[in-house]
Structures are given as structure tokens and as C-alpha cells.
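Asks: Next input, structure requested:
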Amino acid sequence: MKHTILIIEDDTIVAKSLELLLKRAGYAVRSVTRMTEALPAVNDCRPSLVLLDMNFTIDTSGKDGMKILGQILAEQPQLPIILMTGWATVQLAVEGMKAGARDFIAKPWDNKELLNAVATQVEQASMAFGAVAGASQVGKEQNPFGGIIGSSPNLETILDQAARVAPTQASVLITGESGTGKELVAEAIHAASLRAKGPFVAVNLGGVPPSLFESELFGHKAGAFTDAKTDRKGHFELAEDGTLFLDEIGDLDLAAQVKLLRVLQERQYQRLGDSKIRKTNVRILSATSRNLHSMTAAGTFREDLLYRINLIHLPLPPLRDRPADIPGLAEHFLASARRRYDRPELTWSKDALGWLRKQSFPGNIRQLQNLVERVAILTHEPRLQVLHLEAHYRKKQAESLTPSGVTLAEMEVRMIEGALGRNGNEIAATARELGLTRAALYRRIEKFRIKQ
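Replies: Presented below is the predicted three-dimensional model:
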């Protein structure tokens, strides 16, 4: 069966270009150029998918497209619709996706990206209508988001949005305090996407020195600089046909932001020291604990880059705003500790779980996990009580207080040295306790010349 694509676009040149591209890809195509023709054409040709431009009059606000979108979905709510517009109306396109559009393509489009988006939506629509019986057998264990623990309404809303955007090519910005699970959500989005068989490459931009930014992201040729002994692939190349997760993107300096923006706009890059132009086909997911809008207003983060990475925004709630999820998380971490430390007898007392729900956990999920693991290791009794939790939680809080007469740098050194000592100089465990990535911890160890 040949799928029919309906193009609703007032520019005849653009419409003809799309027709040619889609026909070459094997689709049947029909196009209309007037708003009044849109709904009759949908009812007449019964398309598998609609490509909808958002501007049809001198008013370039995109309200025309929103009106047509509403009319079509009112009659055929399951029909996949992909919006097309320039970046000037990107925020309205986001509203369109919230209203029921399946995806969004920016003009000028990339042919491969557009065809991928069309194929994705056509395939999903076919599965929805033709494989209902099989879909009903898919259990929660096959849901990539099923491993994210929590049923609080504010978290479920975000996860529902993440699941909806996962099959699209849309860029996603995940924000939230340190320890809220931003990378976990990014991994779930990748696993639920059509790029799931491709690589998921995560890079913590906060741990990349400005001088190494191009080498880390784009790679380098041997001899490009003093220590470049061999050719090296960058993160963009390693993530080809998959997903590149840019963590702590708010830590980038302005010079690096310009270089990243250029690659996202042009979909191509060069290895450092190489003249060869390389095309890139990656989906970008970004995360930060900073307020990028405030940084944009202050001139420390480029507004055009923000638009590129922020088509869909997923703000993760802090743990203090979802206390009902704490007992489930605590039990999950204790189950992991039972296996890891060979303590199968460990259980929670009811009072202990109640006490945990009342704590603020400024370090969020990461802090809760760290507390549970410390208590599991250091408590001899099989049943964990409030007093066991209090001892380690209060100690941790006290360690975070800066004594009078000590500089912030000195306090940071003391905290790192103390954590290294408690964890036997193990970097991963120390980073977890301090709420840092391993790269960030290594950077501080080098900065302060801390001996291990």
C-alpha cells in the first residue's frame, strides 16, 4: 500500500519541492495552497500524514496554521500532522505539538531529516491502526520510562511529555537541580526513539576545558596540537545515527557556544586540524541545572542557541516536591544495596520511611541514594531505623557547613579529601557522594593538586 502525504503550503515553489522529494521516496502526494482547501482535501484523499505550513497570510504569527491544525484534529484526531515553519515561530510550533501535532520541521529543512520524520509518523500510525492486538501485549517492562521510579503527578506529566516527544526528531532541553535524574530521562528518550539501535553518547560539558572543546566534540587529526599523537573521533562522530546528550550545557563559554551553534545549524563539522567536511546525523538532547533564560538576559548564553536546543522543555521536579515518591526510591536503592553488599536481611522500619519523606534532600535523588547506601554499609542491625538515618544524614549536613575563617576553596579541598578517604580513594563512589560527575571530580583534584 502506497501512503499518501498531503502538503498544505501556500508557497507553490516550496510545495513542488516537497512533492518531488516525497514522490522520489515512494509516497503518493497531494498539495493545496489555500487555507480553505485544507479540510476538504483531508476528507477527500484520506492522507496517511499531513505536512502543514503555519503561515498563509501576511500575518507571520503562525495563527493560520494553528487554526487549520485545530480543524483537522477536530475531525481526525489520530491523523499525524507535522508542522513546518521558520525559527521565528518556533514557540508557536511547540504550542502546536501540545495541541496535537506529532512533530516539527524547521525551514529550510534537511531532506534526510524530513524524510525520517515522515517515515517515523507513517510507521507509527500504521502500527497503531494495524497492530492493536500486539500492542496490547506490550508490558511496562518494555517501556523505557518504566524504570524511572515515581508516580507523583508533577513527574508523570513530564514523563508523559517525554514519551510523546521521544519518537520525533525534536531537540529536548531537560532542566532541574543536580541529582534529579536528567541523564536517566535522556537515556529513556533515546531508548524510546527510532534511534534506539544507534549509540547514546553523553558528554558533560562542565568537565570539558575550553581549550579542548573542539577536540572533544568534533575530534582531531594527528598532529593538530602537541599531544595529538593519533586521529581521534569526537562525540558527534561517535553518536552518528544516534543521540548526543549534552549535559551541563549552561557551563559552556560564549566562544564554545558559537562553535556548537554552527554545527547544529549547518549539520556539518570538521575535525580539528582537518579540512574534510563531515556531515552529522545526530539528535541533540541537552540538560542543565542553570536558568538559561536568565543567562540569555544577562548575555552569558546565546538566545539563538537556546532556540536550537529548546524546542521541547522538560523541567524535572526536585525530590522535595514529590515526597510521595521517596519511599519507593528508598526501597529501590535498598534492594540494590542488598545485592551489592551481600546484606539480604536489610529492611526498612515504617518510621524510617516516614522520616525520609520529611527531609528536604537538597542533593535530590543522588543524595537519597548515597544516604541509603551509607546506612546499608555501616549499620549492623538488619532493620534500619530512624536513628540510623539521622546519624548519617546529620553528619552529612554538618560536613557541608563552612566554618568561620575558612575560604570556599579550602572547604572544597577538605570535602574532597574527606570523601576520598571515606571511599578508599575510589573516584566513582567519591563523585557520587559529592554529587559530581567523575570528570568534574578529576578536574577539581587536578585544580587543587589533591594527592590520592
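
Asks: Below-threshold pLDDT in the chain: ranges please.
Replies: For the chain, the stretches flagged by pLDDT under 70 are 1, 57-61, 86-93, 124-142, 224, 226, 394-411, 452.

Asks: Kindly state the domain boundaries assigned to it.
Replies: What automatic domain parsing lists as the domains of the chain is 4-133, 147-317, 320-399, 408-448.

Asks: can I get these in a markdown table with mean neighbour count?
Replies: Where you see a C-beta, it was placed from the backbone N, CA and C, and this is true even at glycine. Shown next, in a markdown table, are those (neighbours: other Cβ atoms under 10 Å):
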| stretch | mean neighbour count |
| --- | --- |
| domain 4-133 | 17 |
| domain 147-317 | 18 |
| domain 320-399 | 16 |
| domain 408-448 | 16 |
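
Asks: So what does Thr243 look like in phi/psi?
Replies: phi -120, psi 130 (degrees, to the nearest 10).

Asks: Next: Ala335.
Replies: Backbone torsions of Ala335, given as degrees, to the nearest 10, read phi -60, psi -40.

Asks: likewise the one 10 residues further on?
Replies: Listed backbone geometry of Glu345 is phi -80, psi -10, with angles given as degrees, to the nearest 10.

Asks: Also Pro344?
Replies: According to degrees, to the nearest 10, the main-chain angles of Pro344 amount to phi -60, psi -20.

Asks: cool, and Gly234?
Replies: When read as degrees, to the nearest 10, the backbone of Gly234 gives phi -90, psi 180.

Asks: Beta-bridge partners for Leu6, please?
Replies: Using DSSP bridges, the bridge partners assigned to Leu6 are Arg30, Val50.

Asks: please renumber so the chain begins at 235
Replies: Fine by me, first position is 235 from now on; the one you just mentioned is Leu240.

Asks: Quick one: residues contacting it.
Replies: Val263, Arg264, Ser265, Val266, Ala275, Val276, Cys279, Pro281, Leu283, Val284, Leu285 (Cβ atoms under 8 Å, 6 or more residues apart in numbering).

Asks: okay, the residues you listed in CSV with distance to Pro444 next?
Replies: Compiled in CSV, the contacts of Leu240 are given as follows (distance: Cβ to Cβ, whole Å):
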residue, distance to Pro444
Val263, 48
Arg264, 51
Ser265, 48
Val266, 51
Ala275, 53
Val276, 51
Cys279, 54
Pro281, 49
Leu283, 44
Val284, 45
Leu285, 41
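
Asks: ok, of those, which one's closest to Leu418?
Replies: Of all the contacts of Leu240, Leu418 sits closest to Leu283, with 31.9 Å by Cβ to Cβ.

Asks: gap between the residue lying closest to that closest one once chain neighbours are set aside and Ile560?
Replies: In space, and not counting its chain neighbours, Leu283 is closest to Pro314: 4.7 Å by Cβ to Cβ, 6 or more residues apart in numbering. According to Cβ to Cβ, to the nearest Å, Pro314 and Ile560 sit 39 Å apart.

Asks: Then Val266?
Replies: Taking Cβ to Cβ as the measure, Val266 falls 54 Å from Ile560.

Asks: Also Leu348?
Replies: 44 Å.

Asks: How about Ile423?
Replies: In this view, Ile423 and Ile560 are 24 Å apart by Cβ to Cβ.

Asks: Kindly report the same for Lys250.
Replies: 58 Å.

Asks: again, but for Leu480
Replies: Counting by Cβ to Cβ, the gap from Leu480 to Ile560 is 30 Å.

Asks: next one: Lys685
Replies: Separation of Lys685 from Ile560 (Cβ to Cβ): 38 Å.

Asks: same check, this time on Glu646
Replies: 29 Å.

Asks: And Gly432, by the same measure?
Replies: According to Cβ to Cβ, Gly432 stands 35 Å off from Ile560.

Asks: same thing with Leu675?
Replies: Relative to Ile560, Leu675 is positioned 26 Å away (Cβ to Cβ).

Asks: Remind me which helix or strand Asn350 belongs to.
Replies: Applying DSSP states H and E as the criterion places Asn350 in helix 345-364.

Asks: for Leu498, that is, sorry about that
Replies: helix 488-500.

Asks: mind checking how far that helix is from the chain centre?
Replies: 19 Å (Cα atoms, centre = their mean, to the nearest Å).

Asks: What strands line up against the following helix or strand past that helix, and which way round?
Replies: Sequence order places strand 502-503 as the next helix or strand after helix 488-500, per DSSP H and E. When pairing is defined by DSSP bridges, strand 502-503 lines up against strand 512-513 (antiparallel).

Asks: Against which helices or strands is the next helix or strand after the partner strand packed?
Replies: Scanning forward in sequence from strand 512-513 by DSSP H and E, the next helix or strand is strand 517-522. In terms of contacts (3 or more Cβ pairs under 8 Å, 6 or more residues apart in numbering; DSSP states H and E), strand 517-522 is packed against strand 406-409, helix 416-425, strand 477-481, helix 537-543.

Asks: what's strand 517-522 in contact with?
Replies: Residues contacting strand 517-522 (Cβ under 8 Å, 6+ apart): 403, 405-410, 416-417, 420, 423-424, 427, 429, 476-485, 498, 542-544.

Asks: can you check stretch 431-441 too?
Replies: 417, 420-421, 424-425, 450-451, 469, 472-483, 485-486, 490, 671, 673-674, 676-677.

Asks: try 7 Å this time
Replies: 417, 421, 424, 450, 469, 472-473, 475-483, 485-486, 671, 673-674, 677 (Cβ atoms under 7 Å, 6 or more residues apart in numbering).

Asks: ditto for stretch 477-493
Replies: Residues outside stretch 477-493 that contact it (Cβ under 7 Å, 6+ apart) are 417, 420, 424, 427, 429, 434-440, 444, 447-448, 469-470, 494, 516-522, 524, 526, 529, 535-536, 539, 543.

Asks: do stretch 545-561 as well
Replies: For stretch 545-561, the external contacting residues (Cβ under 7 Å, 6+ apart) are 324, 328, 338, 383-386, 388-389, 392, 395-396, 399, 404-411, 414-416, 419, 587, 590-591, 594-595, 598-599, 602.

Asks: In helices, which of those residues fall?
Replies: 324, 328, 388-389, 392, 395-396, 399, 416, 419, 587, 590-591, 598-599, 602 (DSSP state H).

Asks: which pair in the residues you listed spans the largest distance?
Replies: By the measure Cβ to Cβ, Val324 and Leu587 form the most distant pair in the ones in helices among the contacts of stretch 545-561, at 44.4 Å.
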